[in-house]
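[1] what shape does this take:
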Amino acid sequence: MIPYNNSIIVPVDTGYGNIKNSLHSFPTGIAAYKTKPAFEGKILHINNMYYRIGEGHKEYIPDKTVDEEFRLLTIAAICDECRSCGYYEGNIYLAVGCPTTMLTAQRESTREYFLKDPHIDCEYNNVHCHLTIVGCFVYPQGYAAVTEYLHNMTGVNMVVDIGNGTANILQINNKKPIEEKCVTEKLGVNQYMIAVQKAVMAAYGKKIDPEVVELFIRTGDTDAPDNYKNIFLEETEKYCRKIFDALYRCEYDPDFMKLYVCGGGVQFIRRFGKYNSDKVIFIDDICATAKGYQQFALMSLKALEKRSE
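    Here you go, the predicted model:
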């Protein structure tokens, strides 16, 4: 949260696997209830409905504005940040993003999606919030994630932002993104999850719980028997190879380019990828993209203020 005049800037990075503000990250699962859920958790109460936030993940859809779920998840992320900072009532500027390749097509519809009903009157974890979205800024995802590294991006650089649903690849030359060399691939870590589940089913006829695979993605290990672990490792090698194949298709050259890896797939690539460690930078902060949106929004607001003088 960044104060600006009499308002605050709140960033939200709506991924398919996790939703992030500048402080916290939680899974994008959402379940609706007509009455208050029996168990505590991240509970959003709005428009006479209760929503449990953070259990499971949403399926990949190319356009997140086609239903209300991402808006509800965004409201939860806004309230989560405001609650942490003691800001329960007032105006906010919302900073969000789209995949770089979809930004031109989806920027205006994304703004309209969040501004069509700008008043937020709800309870989040039993705390009442009364907020109004007075402006919405939409920025490119992968570029925002490397905001604090831009000053070092002289020459030619590649960025791969690996989320749950997609991997966004962009080239940054002397601190500027090259739009025609931005690519979005359906290579998020959920593709690895699906591959492992299929392989286990084919080999042993068992449906493996997603939580088991997610633990392996997070930690690089599992307490499953070795025969299952071998499947995890085989699919890991295939997945990492697909990521680097996509990079090479985008003209990635490990001899002359630095590679910045961010998003939920960071630890996976760090542990199992084959790369030149001298030229690969891993961005571990899962909230890096949201923080980038926040800084971009502050610059946009200052620029608008200067032009109006």
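[2] could you use CA atoms for every contact and neighbour count after this?
    Fine.
[3] in the lengthiest helix in the chain, which residues are buried?
    Ordering each helix of the chain by length in residues (DSSP state H) puts helix 226-249 first. For helix 226-249, a neighbour-count test (16 or more other CA atoms under 10 Å) marks 228, 231-233, 235-236, 239-241, 243-244, 246-247 as buried.
[4] and what of stretch 256-263?
    257-263.
[5] quick one: which of those is nearest residue 30?
    Closest approach between these and residue 30, by CA to CA: residue 263, at 21.0 Å.
[6] surely that closest one and residue 161 touch.
    Yes. With contact defined as CA atoms under 8 Å, residue 263 reaches residue 161; the gap is 5.1 Å.
[7] shared neighbours of these two, anything?
    By CA atoms under 8 Å, 6 or more residues apart in numbering, residue 263 and residue 161 have no common neighbours.
[8] now the helices for this protein?
    In the chain, helices defined by DSSP H lie at 69-85, 103-115, 141-145, 189-204, 210-219, 226-249, 266-272, 288-308, listed in chain order.
[9] closest to residue 2 out of these?
    That would be, of the helices of the chain and by CA to CA, helix 288-308, which comes in at 7.5 Å.
[10] elements contacting the closest one?
    Packing contacts for helix 288-308, counted by 3 or more CA pairs under 8 Å, 6 or more residues apart in numbering; DSSP states H and E, involve strand 7-11, strand 89-98, strand 127-140, helix 141-145.
[11] 6 Å - rerun?
    Counting by 3 or more CA pairs under 6 Å, 6 or more residues apart in numbering; DSSP states H and E, the packing neighbours recorded for helix 288-308 are strand 7-11, helix 141-145.
[12] could I get the average pLDDT for the first one?
    The predicted model gives strand 7-11 an average pLDDT of 96.
[13] what's the angle between it and helix 69-85?
    Counting by axes from the mean of the first three to the mean of the last three CA atoms, to 10 degrees, strand 7-11 lies at 120 degrees to helix 69-85.
[14] sheet-wise, list the partners of strand 7-11 with their directions.
    Here strand 7-11 is paired, per DSSP bridges, with strand 2-4 (antiparallel), strand 89-98 (parallel).
[15] just give the nearest non-adjacent residue to residue 195, would you?
    Distance criterion CA to CA, 6 or more residues apart in numbering; nearest residue to residue 195, sequence neighbours excluded, is residue 235 at 6.8 Å.
[16] kindly apply the preceding question to residue 275 instead.
    residue 254 (7.8 Å).
[17] what about the one you found, neighbour count?
    18 (other CA atoms under 10 Å).
[18] use 358 as the first number for this chain going forward.
    Understood, numbering begins at 358; the last thing we discussed is residue 611.
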